[in-house]
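A.B. asks: Provided below for reference: sequence and predicted model.
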Amino acid sequence: MANFDEIDRARRLLDLGDAATLKDIKRAYRQKAFQHHPDRGGREPRGEEMMKELNWAYQLLIEYCGNYSYSFKEEDVDRAYPEERLKRRYGRGWFDGI
């Protein structure tokens, strides 16, 4: 996993804030790639190098944000912990009265 300095550098490279979503990252990457791609007629001497940096930043941020974007639904918790579902339904656990 990347450290926070690398993540900060990647965000600055793509001009993203701290609260960027996966959709924001994808949009920023596409805009920057369109600007700096060597086949698009850009006359930048660093075009290919810049594309490598943009690809690195995109992959890093997608991996970092993707690892923390899980959404747990109530059904998933019920499947993993059936006693929680029973507790909600009947008001107490199996062994609460013992």
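C.D. replies: Great, that's in hand. Treat the numbers as computed from the prediction; the structure is a model and nothing was measured. Numbering: from 1, shown residues only.
A.B. asks: Which parts of this protein are helices?
C.D. replies: Along the chain, counting by DSSP state H, helices occupy 4-13, 22-36, 47-67, 74-80, 82-90.
A.B. asks: Pick out the shakiest of those helices, pLDDT-wise.
C.D. replies: Ranked by mean pLDDT, those end with helix 74-80 at the bottom, a mean of 54.
A.B. asks: With mean neighbour count as extra columns, can I get the helices of the chain in TSV?
C.D. replies: No exception for glycine: its C-beta is placed from N, CA and C like everyone else's. Converted to TSV, the helices of the chain look like this (neighbours: other Cβ atoms under 10 Å):
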stretch	mean neighbour count
helix 4-13	15
helix 22-36	15
helix 47-67	16
helix 74-80	11
helix 82-90	12
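A.B. asks: Leaving out chain neighbours, which residue sits closest to Leu13?
C.D. replies: Leaving aside its sequence neighbours, Leu13 sits nearest to Ala57 (Cβ to Cβ, 6 or more residues apart in numbering; 4.5 Å).
A.B. asks: Where do the domain boundaries of the protein fall?
C.D. replies: According to automatic domain parsing, the chain comprises the domains 4-67, 71-98.
A.B. asks: so Arg40 makes contact with Phe34?
C.D. replies: Yes: at 6.6 Å, Arg40 counts as touching Phe34 under the criterion of Cβ atoms under 8 Å.
A.B. asks: Pull the contacting residues for Asp18.
C.D. replies: By Cβ atoms under 8 Å, 6 or more residues apart in numbering, Asp18 lies in contact with Arg11.
A.B. asks: Provide the backbone phi and psi angles at it.
C.D. replies: phi -70, psi -30 (degrees, to the nearest 10).
A.B. asks: quick one: it and Phe4, what's the gap?
C.D. replies: Distance check for Asp18 against Phe4: by Cβ to Cβ, to the nearest Å, it reads 11 Å.
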